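1. Pasting the sequence and the predicted coordinates here, then a few questions.
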Amino acid sequence: MPGSFLQYERFHNNSEKKICWLRKKIIITKEVKHDNMGLILGTISNADVTFFNGEKIGSLGSFPPGEQSMWNFPRHYAVPGSTIHYGGINVIAIRISYGLYGDMVGKIAIANYRDWKQDCLNFNLLNITLCYVVIGIGLGLFIMFMFYFSRNPEETEYLFYCIMLVAGFFIIFDFCNFWPWIYGNDYFRRKLLLFSYMSLNVAFPIFLHRLFEFERKTIERLLYIALIGYILVDIFLFLLSYDDFLAKTIVLIFLSIIGIYNLSCYYYAVFKGKEYAKMFAIFGTLGTLSGFHDIIAKILKMTGMNISVWGYHFFHMKIAFTGIFIFLGTAMVMVYRWINLSREVIDLNNSLENYIIENTLLQNEKKLRKNSIQFSNKFKEKIQKVADFIAENYLHDLSREGLAAYVDMHPDSLSRMFNKYTSMKLSDYIYNLRVVDARERLVETNEGITEIALSVGFENLRTFNRAFKKFMKMTPGEFRKKNKNK
């Protein structure tokens with residue numbers, strides 16, 4: 001294959017026209033004679049018109065002025081049998097508009113019609129269809145998580161995930177878009193892609209911070225500054241009528257740094273034992289490595305170099321696979337969190353049912369006894385015994401049934417009497433001891449909030465946050481920020 005056209009441009013001093021002709025003579029023997037055949041030319045950046053023995057057999061994209069790039073589609077052109085010189089010389093001629101970083105890469109072949117058609121179908125399945133599947137999944141995730149965020153605005157990880165989905169849509173859509181005219185022109189198309197890449201790689205690290213509860217405000221500020229700085233530089237280059245080589249270089253450097261940082265986030269979260277970290281690290285690593293592949297491919301396109309590693313050439317971008325690894329992996333984590341939330345809702349419903357039962361019993365008891373209850377010494381001893389047991393074991397899993405069995409009482413009776421004796425619900429009494437312990441650890445240690453929540457006896461972070469806010473009138477993060485340096 002010709003590869004990059006940059007070498008051609010330098011040799012022929014063709015930097016202004018950016019148009020060239022490629023010609024190839026081939027002999028097709030009479031033994032392979034078919035009614036029709038097919039020509040496979042790989043991908044061509046940006047536009048082409050292809051002739052076979054002087055007859056036009058196909059074209060994709062459009063030439064200047066008003067050029068439209070079809071760099072993302074390989075050329076599959078049917079060759080009518082009437083144009084083929086069997087046993088003689090045949091000439092393939094291709095007129096190409098190669099734009100800023102033009103190349104021609106991939107498989108080149110002339111095949112019988114059946115094999116040619118199968119190659120077309122394979123490409124559409126593995127590239128075009130796959131991209132649209134990813135877009136469809138992403139749209140469903142966007143609607144679902146934006147709805148959830150609208151109901152729970154404090155959980156900003158869902159907002160940043162949706163921002164990632166929007167940016168990812170423009171990137172992946174460009175790989176399967178057969179209608180380049182919708183962008184207006186190729187210049188706007190390139191700018192939209194570069195901005196989408198930048199936005200995605202600003203939102204993703206912040207999403208990881210929210211997901212794993214990393215307090216890294218300085219890094220997040222630097223990410224915002226990088227995005228704003230890129231926009232300003234791009235506007236400056238536009239006003240000076242520079243091409244976007246510098247803008248692409250900035251984006252590639254930024255993507256490389258962010259890729260390395262994302263990997264560090266995955267494995268630091270695993271090291272710290274963060275919830276969902278192991279699951280996310282697998283998909284995140286695969287997505288990041290796929291992203292590094294595309295960075296190398298883009299660098300080679302920009303420089304005109306052709307480098308192989310153990311025979312592998314970085315010809316084609318793998319952004320669709322990056323989207324699958326990142327978006328679906330993240331979706332699995334989010335869905336898993338929803339499952340846990342559903343379980344908590346069930347637990348909450350059970351608690352409400354128990355509360356209704358206890359309240360009904362209390363109201364019935366008030367009707368029977370107008371005066372306050374006088375506890376026997378024996379009953380007081382049981383309540384005190386339960387309170388002492390909780391004080392010694394609140395770090396462990398405690399249940400109403402287990403505590404009732406410990407003092408030989410019915411769980412409903414224990415809850416009702418404990419409330420009257422201590423003026424607190426049994427669950428609140430346990431949560432209060434855990435919150436007091438957590439409050440001290442938030443100030444005196446640098447442990448993560450999730451780690452503290454689990455270490456003081458809470459089953460999950462959501463229950464801890466709810467209990468902490470109930471007793472302290474602020475979130476754990478706000479409490480730590482307010483009291484850490486006092």
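-> Received it, and whenever you're ready, just let me know what you need.
2. Show me what the helix or strand hosting Gly138 is packed up against.
-> If you go by DSSP states H and E, Gly138 is part of helix 130-151. Under the contact criterion of 3 or more C-beta pairs under 8 Å, 6 or more residues apart in numbering; DSSP states H and E, helix 130-151 touches helix 157-176, helix 319-323, helix 329-368. C-beta here means a position set from N, CA and C on the backbone, and glycine is covered the same way.
3. swap the cut-off to 7 Å and go again
-> In this structure, helix 130-151 makes packing contacts with helix 157-176, helix 319-323, judged by 3 or more C-beta pairs under 7 Å, 6 or more residues apart in numbering; DSSP states H and E.
4. Pull the longest one out as CSV, backbone CA atoms only.
-> As requested, C-alpha coordinates have been extracted for helix 157-176 and formatted as CSV (Å, rounded to 0.1, in the frame of the first residue of the first chain):
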residue,chain,number,x,y,z
GLU,A,157,-20.4,10.7,39.4
TYR,A,158,-23.6,10.1,37.3
LEU,A,159,-23.3,13.6,35.8
PHE,A,160,-19.7,13.1,34.7
TYR,A,161,-20.5,9.7,33.3
CYS,A,162,-23.2,11.3,31.2
ILE,A,163,-20.8,14.0,30.0
MET,A,164,-18.4,11.2,29.0
LEU,A,165,-21.3,9.5,27.0
VAL,A,166,-22.0,12.8,25.1
ALA,A,167,-18.3,13.3,24.2
GLY,A,168,-17.9,9.6,23.3
PHE,A,169,-21.0,9.8,21.0
PHE,A,170,-19.3,12.4,18.7
ILE,A,171,-16.1,10.4,18.6
ILE,A,172,-17.6,7.0,17.9
PHE,A,173,-20.2,8.4,15.5
ASP,A,174,-17.4,9.8,13.3
PHE,A,175,-16.1,6.3,12.8
CYS,A,176,-19.4,5.0,11.4
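5. That one - what's its average pLDDT?
-> In this model, helix 157-176 has a mean pLDDT of 86.
6. In it, which residues are buried?
-> Neighbour-count burial for helix 157-176, counted by 16 or more other C-beta atoms under 10 Å, picks out 157-165, 167-176.
7. Wasn't Ile26 part of a strand?
-> Yes: Ile26: assigned to a strand according to DSSP: H, G, I helix; E, B strand; the rest coil.
8. contacting residues around it?
-> By C-beta atoms under 7 Å, 6 or more residues apart in numbering, the residues touching Ile26 are 90, 92, 110.
9. Is it possible to get CSV of the residues you listed that adds pLDDT and neighbour count?
-> Shown next, in CSV, are the contacts of Ile26 (pLDDT from 0 to 100; neighbours: other C-beta atoms under 10 Å):
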residue, pLDDT, neighbour count
Asn90, 94, 17
Ile92, 94, 20
Ile110, 90, 20
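10. where do the helices sit along the stretch 201-350 of the chain?
-> With DSSP state H, counting those that start in this stretch as the definition, the stretch 201-350 of the chain shows helices at residue ranges 217-239, 245-271, 277-303, 319-323, 329-368.
11. Name the residues that touch the first one?
-> Read that as helix 217-239. 191, 198-199, 202, 205-206, 209, 246-247, 250, 254.
12. Tell me the one of the residues you listed nearest Phe63?
-> For the contacts of helix 217-239, the closest approach to Phe63 (C-beta to C-beta) belongs to Lys191, at 21.2 Å.
13. what comes up buried for the host helix or strand of that closest one?
-> Using DSSP H and E, Lys191 falls within helix 186-212. For helix 186-212, the neighbour count (16+ other C-beta under 10 Å) marks 186, 189-191, 193-212 as buried.
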